[in-house]
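Colleague: sequence first, predicted model second:
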Amino acid sequence: MRPPPALRRENTLQGNSFSVLVMVHYRMTSPEIQKRLRRFATRDKAAILQRFFKTGPGQYGEGDKFLGVVVPDIRKVMKEFRDAPLPEVAKLLRSEWHEDRLLALLILVDQFERGDEKLRDKIYALYLRSTRYINNWDLVDLTAPKIVGAHLNGGSRSLLHRFVRSRSLWERRIAILATFHFIRQDDFSDALALAESLLGDEQDLMHKAVGWMLREVGKRDAQALEGFLKKHHRAMPRTALRYAIERFPEAKRKQYLKGDV
């Protein structure tokens with residue numbers, strides 16, 4: 001890993017034609033990272049995010065708390081603290097605040113993509129130990145393909161077939177979203193197998209995820225998608241089917257929705 005970066009701010013002195021480079025160093029600790037992130041927080045955004053991510057009683061994000069920081073600003077802070085030590089990132093990942101957890105996960109993705117095999121193993125292990133904190137769809141979708149899928153590529157994928165049977169909605173979503181990494185390499189077998197396992201899932205968020213991954217398969221191999229749909233379209237949740245056939249010509253979409261295929 002590179003040494004901790006410095007934030008650079010260039011100030012032009014009045015009456016002079018040159019600039020002075022001011023170096024501002026941040027300590028790479030979780031409290032310092034949180035302090036920096038909170039400079040972007042607003043109450044209005046927090047209220048919007050609370051509603052958008054369904055945090056009310058009985059909703060999928062029940063009890064989640066938001067500071068009011070949007071993703072572009074979270075990514076700015078990620079770049080500043082991209083070399084934070086893993087123990088500090090792990091502390092951040094255990095925060096009660098959604099944006100802290102998303103920031104921690106984006107740092108992990110960045111370090112995973114830049115790291116050697118030893119570091120990737122550590123990040124993958126931390127991710128699996130922390131699934132209770134990866135507890136909303138954005139946290140899963142931005143990270144599962146890039147950490148779990150990438151780590152399992154070329155090796156055993158039994159973890160995904162275990163997660164797809166988990167009582168945790170988020171572990172099930174991690175399983176199907178991890179296959180996005182394989183799909184992008186024209187490897188569809190796990191995505192199709194997990195999609196079949198999830199046909200009876202009760203959660204609408206899983207129906208959307210399954211349909212999304214099936215649609216991604218279809219972008220690359222229309223025959224693979226249609227083979228799955230011809231076998232399962234009558235048993236598929238309506239949401240999953242709609243997502244899967246979104247790119248079909250209108251006439252064909254109507255046939256699938258009516259069950260006339």
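Modeller: Nice, thanks for sending it over.

Colleague: okay, now residue 92: neighbour count?
Modeller: By the other Cβ atoms under 10 Å criterion, the neighbourhood of residue 92 contains 26 residues. Every residue, glycine included, has its C-beta placed from N, CA and C.

Colleague: so for stretch 181-191, what gets flagged as buried?
Modeller: Counting neighbours by 16 or more other Cβ atoms under 10 Å, one finds that the buried residues in stretch 181-191 are 181, 182, 183, 187, 188, 190, 191.

Colleague: phi, psi of the fourth one?
Modeller: Right, the one you point to is residue 187. With angles defined as degrees, to the nearest 10, residue 187 shows backbone torsions of phi -120, psi 110.

Colleague: wait, residue 219 touches residue 247, no?
Modeller: Yes - proximity of residue 219 to residue 247 meets the contact threshold set by Cβ atoms under 8 Å, at 7.0 Å.

Colleague: ok, the closest residue to residue 145 other than its chain neighbours - contacts?
Modeller: By the measure of Cβ to Cβ, 6 or more residues apart in numbering, the closest residue to residue 145 outside its immediate chain neighbours is residue 180, 3.9 Å from it. If a contact means Cβ atoms under 8 Å, 6 or more residues apart in numbering, then residue 180 has 144, 145, 149, 191, 213, 216 as its contacts.

Colleague: so residue 180, which of the three states?
Modeller: The three-state assignment at residue 180 reads helix, by DSSP: H, G, I helix; E, B strand; the rest coil.

Colleague: surely residue 163 touches residue 169?
Modeller: No - taking Cβ under 8 Å as the definition, residue 163 is not a contact partner of residue 169, at 10.9 Å.

Colleague: low pLDDT regions in the stretch 51-200 of the chain?
Modeller: Nowhere does the stretch 51-200 of the chain drop to pLDDT under 70.

Colleague: how close does residue 205 sit to residue 114?
Modeller: Separation of residue 205 from residue 114 (Cβ to Cβ, to the nearest Å): 31 Å.

Colleague: those two: who's more crowded?
Modeller: Taking residue 205 and residue 114 together and counting by other Cβ under 10 Å, residue 205 has the greater number of neighbours (19 against 13).

Colleague: just the pLDDT for that one.
Modeller: At residue 205, the pLDDT value in this model is 96.

Colleague: do the same with residue 24
Modeller: Confidence per residue is given as pLDDT, and for residue 24 that number is 38.

Colleague: now stretch 201-215: buried residues?
Modeller: Residues of stretch 201-215 classed as buried by neighbour count (16+ other Cβ under 10 Å): 201, 205, 206, 207, 208, 209, 210, 211, 212, 213, 214, 215.

Colleague: what do you get for stretch 51-65?
Modeller: Along stretch 51-65, the positions that meet the burial threshold by neighbour count (16+ other Cβ under 10 Å) are 53, 55, 60, 61, 64.

Colleague: again, but for stretch 111-122
Modeller: Within stretch 111-122, the residues that qualify as buried are 111, 112, 120, counting by 16+ other Cβ under 10 Å.

Colleague: and the first one, what is it in contact with?
Modeller: It stands for residue 111. Under the criterion of Cβ under 8 Å, 6+ apart, the contact list for residue 111 reads 1, 82, 83, 86, 89, 119, 123.

Colleague: let's go with 7 Å and repeat that
Modeller: Shown here is residue 111, whose contacts under the criterion Cβ atoms under 7 Å, 6 or more residues apart in numbering are 82, 119, 123.
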